[in-house]
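J.: structure, please.
(2 chains)
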Protein chains: 2
Amino acid sequence: MKNNARIAQVGKPRIVIIGGGFAGIQLAKALRKADVQVVLIDKNNHHTFQPLLYQVATAGLEADSIIHPFRKGFESQKNFYFRMGNVECIDTEKKVVETSIGSVSYDYLVIATGAVTNYYGNEQIKKNAVPIKCIEDALALRNTILGNFEQALLTEEEDELNSLMDYVVVGGGPTGVEVAGALAELKKHVFPKDYRELDFVKMDIHLIEGTPRLLNGMSEEASQKALEFLKELGVQVWTNCFVKSYDGYTVELDNGKKLITRSLIWAAGVIGSPIEGIRPESIIKGRRLKVDSCNRVEGYENIFAIGDVAAMITENTPRGHPMMAPPAMQQGTLLGENIQNLLTGKPLKPFIYKDKGSMATIGRNKAVVDLKAFKTQGFFAWFIWMFVHLISIVGYRNRLVVFTNWLWSYFSYDKGLRLIVGKKENKVTDSVL
Amino acid sequence: MKNNARIAQVGKPRIVIIGGGFAGIQLAKALRKADVQVVLIDKNNHHTFQPLLYQVATAGLEADSIIHPFRKGFESQKNFYFRMGNVECIDTEKKVVETSIGSVSYDYLVIATGAVTNYYGNEQIKKNAVPIKCIEDALALRNTILGNFEQALLTEEEDELNSLMDYVVVGGGPTGVEVAGALAELKKHVFPKDYRELDFVKMDIHLIEGTPRLLNGMSEEASQKALEFLKELGVQVWTNCFVKSYDGYTVELDNGKKLITRSLIWAAGVIGSPIEGIRPESIIKGRRLKVDSCNRVEGYENIFAIGDVAAMITENTPRGHPMMAPPAMQQGTLLGENIQNLLTGKPLKPFIYKDKGSMATIGRNKAVVDLKAFKTQGFFAWFIWMFVHLISIVGYRNRLVVFTNWLWSYFSYDKGLRLIVGKKENKVTDSVL
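T.: This is a model prediction of the structure:
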């Protein structure tokens, strides 16, 4: 950051963090008392609470209530600087990050770039499917869902109608299960009142999972109960099943079955999002960066990776840690401590993941929770899910607004948010109005 | 709506309302018990509470909390049908509205298309200024404001810096006064904490008004006090002053003065938004439709206009009623009654405007209120302003969310909403980072 007089602490070691997800903000926070200069670079001006993206997509929450501006979050941390920009590449020789807003030099670099949607190399699906990985995705999905029903009112042709009213969700992990459940709740409580002219018996929601069971990372009980809850809600679940192709209209499954939909929601997996300039040998399967037990990227002294993009291969974690918030946050916190150890010549502490369990919600009063101490499903699990997510959301204001929205939805059986905003493509070919 | 089996009440008189603003929804509501078919056409799927758009633009409210979906609002009104589409023109001979989603026939047509931003024919200003008339405008303005400061961090060139930090608001009506006040509040309480590296003494906010005083439609006391409040907040007010040109960077005023800004916020006036197919003789000054005392468009038997687009020229209203929510709502309600009178052969009632007064807010604890019974300015006025706006917002959920946000902002001195979403143009030419 040569010539930038506004960054005052020029004499101090500069730690540049790329990405303000769970890992990046925990690290920045953990460095609050360190005698360093912390520079966070992100393409957005806000942290996104990804676990609730699906509620933004399904009209349950405002986009604003699950994001938190970095500048607000760190307003009292004197050694913190934020710059909004896209990282283009890094030069590890010169110790410089090249971005859309200029070059940023570093003493220590931390790659916390997270993950992106994995289409498994299928360009056709990538082009036609709807992802659900960032705020823009979530808002686009909401626009699509609401726009589809407006269009459905204009046709009486059976196939066209089905393509607009049916949804196919791919991926039986927490996101897929949560989206399918939320769509089923909308079908049950909201859409029939909104679109009285349509027959919602015709609305099919399919959930497709490649392995034999849903919520693969959770217990058998959780999988079983999630399946039961989804079936109760009318979701058609297809396990052991892959999507072969999708042209924007017809979904072809590997078992020969065909489904038609204008909206294939893709929650089938993620891959790491490393940055250009890292030596290829350190990028392993799933495009993650191979790190040692202290999150140092293999082959580098002063470059670290944390969160989804980091793969710490150990005996217990042959494929790295799960790509979820808890390991990312724990790695961020520990690396903050370790960078201070480095600077003061103390030994580094290896990372040990404290698995506190996992959970997913399916719908009103329905969730599954696997904790260390116990497993539970149903109403109590749903209550735990809500409590854990509420206290995890960044920002007091956000907690208040999300809580208000949830209370409102619960007692009114309504989801208030039906703003279609931005460009409105009109795909209607045969209007009967 | 030939062939559309989903609209069941085909035998009944069809009233087509174009536009779901204050006038349109009041009319639809007033027809709830009528033995007719009410069809509302709007390009959006929601009503917008325009008086609070400026708070969406200045990070005080979520977009979702000031819109209300038509389908939600009318879910229990059996004779109501909504179709989302753009109206292209009308054929008054065939009694058909041509829209982007097809043709819609009518027995009675009500034009409630409101108003659009008036650039007084200046194409250069239209191209470069930022309007504030719909949700998309408000969100774009918010993006611009937040994006400007991110860019300001990257330059040390004095003129460039000023162009990014300074704001020029044109139009001293309620919207202009409210935007200028909200920007001043952000300058005072929010931005200095967010952008510690910038010197906010350099942020200038200009408000430009063509006539000798602000809030022309209100009392002298209100004008005077609004000016005082704005000056206290550091806003530079220029009365008797017009914008001659704006190229996206330099604002030239008719008094010779030049200001530089990347953001000229245009709240200088509106003109009616009539639709194609109405005979030119009925479109008068300001592009409004000349209507009789029952809101019937001159020259037609079965076409009415209500709200901002309607000009009812009488002795007391030589230029029509003010283009604001109250006359629009009152006209909508009365026309609902009059259409039922028409259908039952009863005489129509002429419209008499009940002026309940007007108000504007300038900032925290500061507003001006002119009511019939009394005038007041300051804290109590601000309290009245909040109360009136809260009870006027459509939708109970919206009231709750807006109230929560206001309470939060009041006690935290913060505006929580700083989501920059959508395309991020990077205009930085000389990055010093």
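J.: tell me which helix or strand of chain A sits lowest on mean pLDDT?
T.: Lowest by mean pLDDT, DSSP states H and E among the helices and strands of chain A is helix A:396-412, with a mean of 81.
J.: what comes up buried for that one?
T.: Buried residues in helix A:396-412, defined by neighbour count with 16 or more other Cβ atoms under 10 Å in any protein chain shown: A:397-402, A:404-406, A:408-409. The C-beta positions use only the backbone N, C-alpha and C, and glycine is treated the same way.
J.: those into a markdown table, with extra columns for distance to residue B:13?
T.: Output for these, formatted as a markdown table (distance: Cβ to Cβ, whole Å):
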| residue | distance to residue B:13 |
| --- | --- |
| A:397 | 50 |
| A:398 | 49 |
| A:399 | 51 |
| A:400 | 48 |
| A:401 | 44 |
| A:402 | 46 |
| A:404 | 43 |
| A:405 | 41 |
| A:406 | 44 |
| A:408 | 38 |
| A:409 | 38 |
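J.: if we look at chain B, which of these are close to it?
T.: Restricting these to those within reach of chain B (Cβ under 8 Å from any Cβ of the partner chain) leaves A:397-398, A:400-401, A:404-405, A:408.
J.: tell me which of those is nearest to chain B?
T.: Lowest distance from chain B to these (Cβ to the nearest Cβ) belongs to residue A:397, with 4.3 Å.
J.: so that closest one sits right up against residue B:406, yeah?
T.: No: judged on Cβ atoms under 8 Å, residue A:397 makes no contact with residue B:406 at a distance of 11.8 Å.
J.: show me the helices in the stretch 151-300 of chain A, by range?
T.: A:158-165, A:174-185, A:191-194, A:220-232 (DSSP state H, counting those that start in this stretch).
J.: quick one: low-confidence parts of the stretch 151-300 of chain A?
T.: For the stretch 151-300 of chain A, no stretch has pLDDT under 70.
J.: my bad, the stretch 301-433 of chain A
T.: Short version for the stretch 301-433 of chain A, where the test is pLDDT under 70: A:414-433.
J.: the helices in it, which residues?
T.: Under DSSP H, counting those that start in this stretch, the stretch 301-433 of chain A gives helices at A:325-343, A:379-392, A:396-412.
J.: contact partners for the nearest residue to residue A:366 once chain neighbours are set aside?
T.: Nearest non-adjacent residue to residue A:366, counting by Cβ to Cβ, 6 or more residues apart in numbering or on different chains: residue A:229, 4.5 Å away. Listed by Cβ atoms under 8 Å, 6 or more residues apart in numbering or on different chains, the contact partners of residue A:229 are A:181, A:362-363, A:366, A:368, A:377.
J.: repeat the analysis, applying 7 Å as the threshold.
T.: A:362-363, A:366 (Cβ atoms under 7 Å, 6 or more residues apart in numbering or on different chains).
J.: which parts of the stretch 51-200 of chain A sit against chain B?
T.: Within reach of chain B by Cβ under 7 Å from any Cβ of the partner chain, the stretch 51-200 of chain A has these residues: A:62-64, A:67, A:69, A:71-72, A:75, A:83-84, A:100-102, A:104, A:135-136, A:146, A:150, A:153-154, A:156, A:193-195, A:197.
J.: now, which of these lie within helices?
T.: Among these, the members falling in helices (DSSP state H) are A:71-72, A:135-136, A:146, A:150, A:193-194.
J.: buried subset of those?
T.: A:71-72, A:135, A:146, A:150, A:194.
J.: what's the least confident helix or strand of chain A in contact with?
T.: Contact with helix A:396-412 is made by A:60-61, A:65-66, A:68, A:386, A:390, A:393, A:415-416, B:397, B:400-401, B:404, B:408, B:416, as judged by Cβ under 7 Å, 6+ apart.
J.: and residue A:383, how far from residue A:390?
T.: The spacing between residue A:383 and residue A:390, counted by Cβ to Cβ, to the nearest Å, is 11 Å.
J.: how about residue A:126?
T.: On the measure of Cβ to Cβ, residue A:126 and residue A:390 end up 34 Å apart.
J.: from the stretch 201-350 of chain A, which residue is nearest to chain B?
T.: With Cβ to the nearest Cβ as the measure, residue A:202 is the residue of the stretch 201-350 of chain A nearest to chain B, at 12.8 Å.
J.: burial count for the residue nearest to that residue when sequence neighbours are not counted?
T.: Spatial nearest neighbour of residue A:202, chain neighbours left out: residue A:165 (5.5 Å); criterion: Cβ to Cβ, 6+ apart. Residue A:165 has 25 neighbours, counted by other Cβ atoms under 10 Å in any protein chain shown.
J.: what residues are up against residue A:165?
T.: Each residue near residue A:165 by Cβ under 7 Å, 6+ apart is listed here: A:152, A:202-203.
J.: would you map out the domains in chain A?
T.: A:14-43+A:85-117+A:270-343, A:123-268 (automatic domain parsing).
J.: returning to that earlier point: tell me the contacts of the residue of the stretch 201-350 of chain A closest to chain B?
T.: Each residue near residue A:202 by Cβ under 7 Å, 6+ apart is listed here: A:161-162, A:165.
J.: any idea how far it lies from residue B:313?
T.: For residue A:202, the distance to residue B:313 - Cβ to Cβ - is 52 Å.
J.: same question, residue A:40
T.: Distance of residue A:40 to residue B:313, computed by Cβ to Cβ: 60 Å.
J.: which one of those two has more residues nearby?
T.: Each of residue A:40 and residue B:313 has its neighbours counted (other Cβ under 10 Å); residue A:40 has more, 25 against 18.
J.: who does that one bridge with?
T.: In this entry, residue A:40 is beta-bridged to residue A:17, residue A:82, by DSSP bridges.
J.: so what's it up against?
T.: Shown in contact with residue A:40 (Cβ under 7 Å, 6+ apart): A:17, A:20, A:24, A:28, A:70, A:82.
J.: how many residues are close by residue A:378?
T.: Counted with other Cβ under 10 Å, the neighbours of residue A:378 add up to 15.
J.: now residue A:158
T.: Neighbour tally, residue A:158, other Cβ under 10 Å: 9.
J.: what does residue A:113 give?
T.: Residues near residue A:113, counting by other Cβ under 10 Å: 27.
J.: and residue A:389, by the same measure?
T.: The tally of other residues near residue A:389 (other Cβ under 10 Å) stands at 19.
J.: that one is in contact with residue A:49, isn't it?
T.: No: under the criterion of Cβ atoms under 7 Å, residue A:389 makes no contact with residue A:49, lying 8.3 Å away.
J.: ok, back up a step: next step: the contacts of residue A:165 restricted to strands.
T.: Among the contacts of residue A:165, no member falls in strands (DSSP state E).
J.: could you report the pLDDT at the residue nearest to residue A:196 when sequence neighbours are not counted?
T.: Here the nearest residue to residue A:196 in space, its sequence neighbours aside, is residue B:75; by Cβ to Cβ, 6+ apart that works out to 7.9 Å. Predicted confidence (pLDDT) for residue B:75: 89.
J.: likewise residue A:10?
T.: Residue A:10 carries a pLDDT value of 61.
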